[in-house]
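A.B. asks: Predicted model, plus sequence, below.
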Amino acid sequence: MLDAIISGLLSILTWPNLGYMLLAIPIGLVFGMIPGIGGPTSLALLIPFTFGMSPTAGFAFLLGMHSVVHTSGSIPAILFNTPGTGPNAATCIDGFPMAQKGEAGRALGAALTSSMVGGVVGAICLGLVIPIVRPLVLLFGPAEFFMLSALGLTFISLMSGDSILKGLMAGGMGLIISYVGMDPQTGVIRFDYGLMYRYEGISLVVVVVGLFAVATVIEMAVEGGKTIASVETGTVQQAGGGVIEGMKDSFRRWTLVLRCSILGAVIGMCPGLGGDAAAFFCYGHAVQTSKHKELFGTGFLDGVIAPDSAHNAKEGGNLVPTLAFGIPGGAAMAILLGAFLILGVVPGVEMFTKHLSLVYSMIWVLVFANIIAVVICLPFAVKLAKVTFIRTSLIIPFIVVTGTLGAFLSTRNMGNIVVVLLAGWLGYGMKVCKFPRAPLLLGIVLGRIFERNLVLSLDLYGPSFIFRPIAFVLLIILLATVIYPRISKKIRRTQDKKAVPTL
């Protein structure tokens with residue numbers, strides 16, 4: 001195995017493989033900053049360029065590009081409340097409020113550093129599970145995925161802020177939106193109202209762009225603010241100067257970064273969950289384990305670090321079922337499977353015997369690409385952070401154009417533009433009425449996963465599926481997640497009453 005590790009490293013450092021990787025990284029960063037393109041689209045666009053390449057060169061090019069898309073996607077999420085990719089939507093929740101406080105540089109520094117660490121940890125996790133990959137992947141089936149999604153939905157109460165009722169209402173709305181389109185089991189079209197546009201459901205990217213980017217534009221126009229960041233809370237120098245401080249913050253919170261990176265990699269190993277679920281799972285985990293739950297959604301740094309650690313780490317996890325069984329870990333991995341066939345490589349057992357050095361070369365690509373991407377982005381982050389002090393009258397057209405263009409490019413359907421505008425007004429209304437938007441997104445992300453795996457679990461095992469070992473453990477964790485906060489709150493109240501001196 002050591003020979004394969006060294007061989008994989010040397011093959012990546014050999015020309016022209018190194019050149020292809022270095023060429024792909026800036027391309028991935030640019031694609032990541034354009035809302036709506038994301039990993040699957042960018043992979044589909046670049047696969048034709050790999051014709052005639054060797055397998056190592058082809059994967060150095062494709063993975064070098066794809067592994068950094070989410071890294072740069074956090075930049076518009078923080079600066080303009082416009083996520084570059086679906087998983088970056090979780091970064092908007094606390095990243096943009098930090099920019100409004102004049103702390104855009106600090107948020108960018110923390111996001112980029114966390115993404116780098118998460119990507120490296122995800123690659124390491126891929127390397128560590130190679131010897132046990134087959135039994136590890138086969139442990140999870142529909143029952144386990146259902147309990148994971150149910151556990152994720154419990155985070156709605158944690159993301160609800162002061163009003164759990166409003167959070168549950170927002171989460172329910174997200175679940176309803178996720179069920180629009182064709183039922184995956186019966187083929188029945190739901191909530192279509194005679195419109196063919198809705199047959200395939202509503203794209204998460206479209207809703208996210210409207211809910212955050214367009215809603216922000218409406219808010220800017222209504223309030224007539226001069227800049228994104230309040231001049232009272234920060235200066236141009238502070239906005240750019242906080243990048244280094246944000247990097248330090250990521251290392252100060254190394255336990256959170258490590259936990260979310262590992263959790264993101266594990267979720268990535270579960271086919272069908274995807275990067276959106278990984279980002280929101282880890283955001284919910286950060287809220288659940290924090291001593292300052294009330295600060296999330298107001299510009300709290302942990303809310304930036306957690307999702308950014310996860311969405312890059314899940315790329316390493318996604319490769320596990322893709323390489324071992326030819327089962328794509330996500331939409332991007334499904335497209336990558338086409339590249340395997342084009343380059344003459346068949347996923348399966350041979351990947352860990354005959355092509356083991358190629359697997360390790362992929363791991364090295366993930367490591368190098370994440371590090372190089374952050375080295376490229378950090379010098380620009382100082383300048384980009386100062387954009388938050390430019391007049392909003394100049395920024396609004398940019399956000400509107402990139403947001404609507406991104407919504408259209410996500411599925412290339414004009415109906416997306418209508419949906420993004422409606423979602424924008426919905427997002428603005430939710431903000432005015434103080435409804436949390438995070439639970440709505442969580443409902444959209446997990447709704448389809450929840451429904452599909454519930455039906456499959458009942459078909460395969462009946463109601464007794466909850467007693468499968470891993471599913472039962474997850475059920476206990478779910479119940480503990482729901483019950484523990486209420487018990488601890490009652491205990492705290494009892495202790496406070498006893499502490500009050502009686503006259």
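C.D. replies: All right, it came through fine.
A.B. asks: which residues touch the nearest residue to Ile12 once chain neighbours are set aside?
C.D. replies: In this structure, Ile12 finds its nearest non-sequential neighbour in Trp364, 4.7 Å apart by C-beta to C-beta, 6 or more residues apart in numbering. C-beta coordinates here come from the backbone N, C-alpha and C atoms, glycine included. For Trp364, the contact set (C-beta atoms under 8 Å, 6 or more residues apart in numbering) comprises Gly8, Leu9, Ile12, Ala123.
A.B. asks: Please report which of the residues you listed has the highest neighbour count.
C.D. replies: Within the contacts of Trp364, most neighbours by other C-beta atoms under 10 Å means Ala123, with 28 neighbours.
A.B. asks: host element of it?
C.D. replies: For Ala123, the element it lies in under DSSP states H and E is helix 104-129.
A.B. asks: helices and strands around that helix, which ones?
C.D. replies: When contacts are defined as 3 or more C-beta pairs under 8 Å, 6 or more residues apart in numbering; DSSP states H and E, helix 104-129 packs onto helix 69-80, helix 89-100, helix 236-241, helix 243-252, helix 254-268, helix 302-325, helix 356-385.
A.B. asks: So what's the residue count around Gly102?
C.D. replies: Neighbours of Gly102 under the rule other C-beta under 10 Å: 25.
A.B. asks: just Pro379 next, same as before
C.D. replies: Residues lying near Pro379 (other C-beta under 10 Å) number 10.
A.B. asks: for Leu126, same thing?
C.D. replies: Burial measure for Leu126: 26 neighbouring residues, criterion other C-beta under 10 Å.
A.B. asks: list the contacts for it?
C.D. replies: Leu126 touches Ala265, Gly316, Gly317, Leu319, Val320, Met362, Ile363, Leu366, counting by C-beta under 8 Å, 6+ apart.
A.B. asks: My reading is that Gln185 is in a strand; is that accurate?
C.D. replies: No: counting by DSSP: H, G, I helix; E, B strand; the rest coil, Gln185 is not part of a strand but coil.
A.B. asks: Read off the pLDDT value for it.
C.D. replies: Looking at Gln185, its pLDDT stands at 72.
A.B. asks: do the same with Gly171
C.D. replies: Looking at Gly171, its pLDDT reads 81.
A.B. asks: and the strand or helix carrying it, which residues are buried?
C.D. replies: Element membership for Gly171 (DSSP H and E) is helix 164-178. Buried residues in helix 164-178, counted by 16 or more other C-beta atoms under 10 Å: Lys166, Gly167, Met169, Ala170, Gly171, Met173, Gly174, Leu175, Ile177, Ser178.
A.B. asks: of all the residues you listed, which two lie farthest apart?
C.D. replies: Spatially, the most separated pair among the buried residues of helix 164-178 is Lys166 and Ser178, at 19.0 Å (C-beta to C-beta).
A.B. asks: if I pick the residue nearest the centre of the chain, what's in contact with it?
C.D. replies: Central residue of the chain (C-alpha atoms, centre = their mean): Pro87, 2.4 Å from the mean position. Contact analysis of Pro87 by C-beta under 8 Å, 6+ apart lists His70, Gly73, Gly275, Asp276, Ala278, Ala279, Pro307, Ala310, His311.
A.B. asks: just checking, the fourth one touches Val207?
C.D. replies: So that's Asp276. No: shown here, Asp276 and Val207 do not form a contact pair, counting by C-beta atoms under 8 Å, at 11.1 Å.
A.B. asks: Met269 versus Gly317, what's the distance?
C.D. replies: Distance of Gly317 to Met269, given as C-beta to C-beta, to the nearest Å: 4 Å.
A.B. asks: So the two - more neighbours on which side?
C.D. replies: Gly317 (29 against 26).
A.B. asks: still on that earlier bit, for Ser357, state which of the buried residues of helix 164-178 is nearest.
C.D. replies: Using C-beta to C-beta, Ser178 is the member of those that sits closest to Ser357, with 41.5 Å.
A.B. asks: now that closest one, nearest residue through space, not along the chain?
C.D. replies: Gly447 (2.8 Å).
A.B. asks: Put together a markdown table for the contacts of Trp364, with distance to Ser261 on each row.
C.D. replies: Converted to a markdown table, the contacts of Trp364 look like this (distance: C-beta to C-beta, whole Å):
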| residue | distance to Ser261 |
| --- | --- |
| Gly8 | 21 |
| Leu9 | 22 |
| Ile12 | 22 |
| Ala123 | 10 |
